[in-house]
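Engineer: Can you look at this prediction? I've put the sequence above it.
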Amino acid sequence: MNLIEVYIQEVTRRLPEKSRGDIALELRSTIEDMLPNDYSEEEVKTVLEKLGSPVTLAVGYRDRPMHLIGPRYFDVYVSLLKMILPIAVVISLISMIAEYFIGYDGEEAILNVIFDVIAYGILKTLEVGIQVFFWLTLVFAIIERVDNGKDEQPLTTNLKKWSPADLKNVAYIPKKKTITKLEVFGSLMWTAIWATIYFYADHLVGIYRGEGNRFEFITPVANQEVLLQYWFIVLIVICLEIALAIYKLIKSKWTKGMAIFNAAFQLISTIVFIVILINPDLITQNFIMYMTDLFEITANQLKSWIIGGGIFFFIVGAAINVYDGYRKARIR
Amino acid sequence: MGNLLNSLSTELRRGTLTLAVLSQLRTPQYGYSLVQLLEGAGISIEQSTLYPLLRRLEKQELVTSSWDTSESRPRKYYVLSEYGFEIFLQLKKEWIENSKELYSLLKGGEVDEFN
């Protein structure tokens, strides 16, 4: 076996076609220069050892980088990934949930559908995450190889060189006042959840009985017709909450105006909640009977527990929320 | 500590390699003769660094190359181009100035160490 030829092949096969011949010729002449006239295999090994790993040598010959994404693009890449990933996941989740609701034929208990949606949602999130990661990485790896600019300076998100003027585009936000995107998405998700519960309460909120691994819906808690009497005012509350979330997303920090908006919103939603809750026809007779049997209490006791507890917790929650908003807005 | 010292001194030397190679290419040299010249002057250079470096210099038009097939073994000779020679003179000037500055800086440090 000719070690020299194998070594040269190991180097050149890692190189572009057009430079292979010349490099092979030069390498062979160099290696022979290093060897005495009549050489043994041991001497060949010593010489090849001096030349080092064929991979290192080949890397030296090629101009292309040994990394997928270099320092010039890495920061932009990570920023874009952080921006696109949550948006893509949220959009795909929303479209998936919408698909489920449009396709819902009313036959299956909604709780079961919700379990399906959650399982499928986790799957979908993973899938979209992998897709976004793959394509973005691919695009940047190509840019890294195509870009011939020798400038090693990292680029800013607008793909230009950094200058002090860029600092004007960055809002200075003290840590304690910030509203994270996660918080905003969380609040939008919460709106979606309670709105769904409101409009589908007769399918969702009620007494379930486990049968095997499926749940059977026995009786709803609330009268849907009574609930839906308030649909217009509830819709206004939904719109206000979405507006507040978008306002938070844009400002990304607590301001005095936001704290006032938040306080007003909490006040309105508390009033709406109480008005709906104290409607005497809200809770179904079936539910009252079931519960009074279960806990051995009178119907009036049950009602006062539900109404009293509901109002108490709602007001406490709203008060904490309002206070927190003002406290954060005041931080300098 | 040994490892760190090694990588730091390799880094120190890396920038000077181009200058060392350029300085020897005022007369035509082939790969191995260049290695011997440099080693003779006490400069150790990884061969896996040198040969790619020569090609890179050629691509940057600092050196030109030609195959000599008159002898039994064909050899590729590299020599400074006119442009390469100009660059070499400027780099040399820069290096000498730099080392003077660094030298006086290090000398100042030595005085401190004695106190």
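Structural biologist: Alright, I've got the coordinates.
Engineer: I'd like the distance between the residue at minimal distance from the centre of chain A and chain B.
Structural biologist: Among the residues of chain A, the smallest C-alpha distance to the mean C-alpha position (Cα atoms, centre = their mean) belongs to A:P86, namely 3.2 Å. To chain B, A:P86 is 40 Å away according to Cβ to the nearest Cβ, to the nearest Å. For the C-beta atoms, the positions are set from N, CA and C on the backbone; glycine is no exception.
Engineer: Let me have stretch A:314-332 in PDB, keeping just the CA atoms, if that works.
Structural biologist: The C-alpha coordinates for stretch A:314-332 follow below in PDB (Å, rounded to 0.1, in the frame of the first residue of the first chain):
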ATOM      1  CA  PHE A 314     -62.500  38.000  41.900                       C
ATOM      2  CA  ILE A 315     -62.200  41.200  43.800                       C
ATOM      3  CA  VAL A 316     -59.000  40.200  45.600                       C
ATOM      4  CA  GLY A 317     -57.500  39.100  42.300                       C
ATOM      5  CA  ALA A 318     -58.500  42.400  40.600                       C
ATOM      6  CA  ALA A 319     -57.200  44.500  43.500                       C
ATOM      7  CA  ILE A 320     -53.800  42.700  43.500                       C
ATOM      8  CA  ASN A 321     -53.600  43.200  39.700                       C
ATOM      9  CA  VAL A 322     -54.400  46.900  39.900                       C
ATOM     10  CA  TYR A 323     -52.000  47.500  42.800                       C
ATOM     11  CA  ASP A 324     -49.200  45.600  40.900                       C
ATOM     12  CA  GLY A 325     -49.700  47.700  37.800                       C
ATOM     13  CA  TYR A 326     -49.400  51.000  39.700                       C
ATOM     14  CA  ARG A 327     -46.400  49.800  41.700                       C
ATOM     15  CA  LYS A 328     -44.500  48.800  38.500                       C
ATOM     16  CA  ALA A 329     -45.500  52.000  36.700                       C
ATOM     17  CA  ARG A 330     -44.000  54.100  39.600                       C
ATOM     18  CA  ILE A 331     -40.600  52.400  39.400                       C
ATOM     19  CA  ARG A 332     -38.000  54.700  38.000                       C
END
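Engineer: where does the stretch 101-250 of chain A dip in pLDDT?
Structural biologist: For the stretch 101-250 of chain A, the stretches with pLDDT under 70 are A:105-108, A:110, A:148-153, A:156-159, A:171-173, A:211-214.
Engineer: Can you name every helix or strand that the helix ranked longest in chain B contacts?
Structural biologist: Using DSSP state H, we find that the single longest helix of chain B is helix B:82-114. Applying 3 or more Cβ pairs under 8 Å, 6 or more residues apart in numbering or on different chains; DSSP states H and E, we find helix B:82-114 packed against helix B:2-24.
Engineer: What residues of the strand or helix carrying the residue nearest to the centre of chain A count as buried?
Structural biologist: Element membership for A:P86, per DSSP states H and E: helix A:71-102. Going by neighbour count (16 or more other Cβ atoms under 10 Å in any protein chain shown), the buried part of helix A:71-102 is A:72-74, A:76-77, A:80, A:85, A:88-90, A:92-93, A:96-97.
Engineer: which one is residue 76 nearest to, not counting chain neighbours?
Structural biologist: Assuming you mean chain A. Residue nearest to A:V76 in three dimensions, not counting chain neighbours: A:L155, with 5.4 Å by Cβ to Cβ, 6 or more residues apart in numbering or on different chains.
Engineer: nope, chain B
Structural biologist: Using Cβ to Cβ, 6+ apart, the nearest residue to B:K76 is A:E26, at 4.8 Å.
Engineer: for the one you found, phi and psi?
Structural biologist: phi -70, psi -40 (degrees, to the nearest 10).
Engineer: Now for it: which residues touch it?
Structural biologist: Each residue near A:E26 by Cβ atoms under 8 Å, 6 or more residues apart in numbering or on different chains is listed here: B:31, B:51, B:76.
Engineer: Which one (most neighbours) among the residues you listed?
Structural biologist: Among the contacts of A:E26, B:Y51 has the most neighbours (other Cβ atoms under 10 Å in any protein chain shown), with 24 neighbours.
Engineer: Now for it: which residues touch it?
Structural biologist: Shown in contact with B:Y51 (Cβ under 8 Å, 6+ apart): A:26-27, A:30, A:57, A:60-61, B:31.
Engineer: how about 10 Å then?
Structural biologist: The contact partners of B:Y51, taken as Cβ atoms under 10 Å, 6 or more residues apart in numbering or on different chains, are A:11, A:23, A:26-27, A:30, A:51, A:57, A:60-61, B:31-32, B:34-35, B:76.
Engineer: Among these, which ones are in strands?
Structural biologist: The strands, defined by DSSP state E, take in B:K76 from these.
Engineer: Pick out the most distant pair among the contacts of B:Y51.
Structural biologist: A:V11 and B:L34 (18.9 Å; Cβ to Cβ).
Engineer: In TSV: the contacts of B:Y51, plus pLDDT and distance to B:E86.
Structural biologist: Output for the contacts of B:Y51, formatted as TSV (pLDDT from 0 to 100; distance: Cβ to Cβ, whole Å):
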residue	pLDDT	distance to B:E86
A:V11	90	33
A:I23	89	28
A:E26	89	26
A:L27	89	30
A:T30	88	28
A:L51	87	32
A:L57	87	30
A:G60	85	26
A:Y61	86	26
B:G31	86	24
B:Y32	87	27
B:L34	90	21
B:V35	89	26
B:K76	90	23
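Engineer: List only buried entries from the contacts of B:Y51.
Structural biologist: Neighbour-count burial (16+ other Cβ under 10 Å) applied to the contacts of B:Y51 gives A:11, A:23, A:26-27, A:30, A:51, A:57, A:60-61, B:31-32, B:34-35, B:76.
Engineer: closest point of chain A to chain B, which residue?
Structural biologist: Closest residue of chain A to chain B, Cβ to the nearest Cβ: A:G60 (3.1 Å).
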